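Peer 1: Just need the structure, nothing else, for what follows:
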Amino acid sequence: MTLSQITGGYKNGLELCVSGSKQSLTWAQERADRLLIGKREVGNEELYADGKYLHPEVKRFITLPNGHAVGWADAFKNSLNEFYQGILHPDLAQGSSVDFEKGYELMKLVEATLRSHHEKRWIDID
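Peer 2: Next up, the predicted model:
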């Protein structure tokens, strides 16, 4: 076991590993929605957080479908809150939401990205 509060590059690096003779389970707090199952005889497996693994009594706490990273809902909620606060208090706006002009520029970027992917070439954005 190695314990450190000063190791560089690990912001919340709690990791637990349970090892057996044929398999191991590894959970890392920085990737809390995943469980790595290490297997000696066949390929490893990674399980993602999913309500199907939960007891019925706690399924009601799952608000997002499988595949949404931990914290996604908070980021979404915070962005909507910032948007509404900007409308209610425009003099206190922090610049974390975009106006229609910036939104238009972002949509041009998204459309150019999709076009670049389909045409397999660089696309200029005017």
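
Peer 1: Do a quick rundown of the helices in this structure.
Peer 2: Counting by DSSP state H, residue ranges of the helices within the chain are 72-88, 100-119.

Peer 1: possible to save those as CSV with distance to F61, mean neighbour count and mean pLDDT?
Peer 2: (C-beta placed from N, C-alpha, C; glycine too.) Conversion of those to CSV gives the following (distance: least, C-beta to C-beta, whole Å; neighbours: other C-beta atoms under 10 Å; pLDDT from 0 to 100):
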stretch, distance to F61, mean neighbour count, mean pLDDT
helix 72-88, 12, 12, 81
helix 100-119, 33, 11, 92
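
Peer 1: and those as JSON lines, adding distance to N12?
Peer 2: Supplementary listing: the helices of the chain in JSON lines, determined by distance: least, C-beta to C-beta, whole Å:
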{"stretch": "helix 72-88", "distance to N12": "15"}
{"stretch": "helix 100-119", "distance to N12": "31"}
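
Peer 1: how about those, which one is nearest T7?
Peer 2: T7 lies closest, by C-beta to C-beta, to one member of the helices of the chain: helix 72-88, at 26.3 Å.

Peer 1: List the contacts of stretch 36-47.
Peer 2: Identification of contacts with stretch 36-47 by C-beta atoms under 8 Å, 6 or more residues apart in numbering yields 21-27, 34-35, 53.
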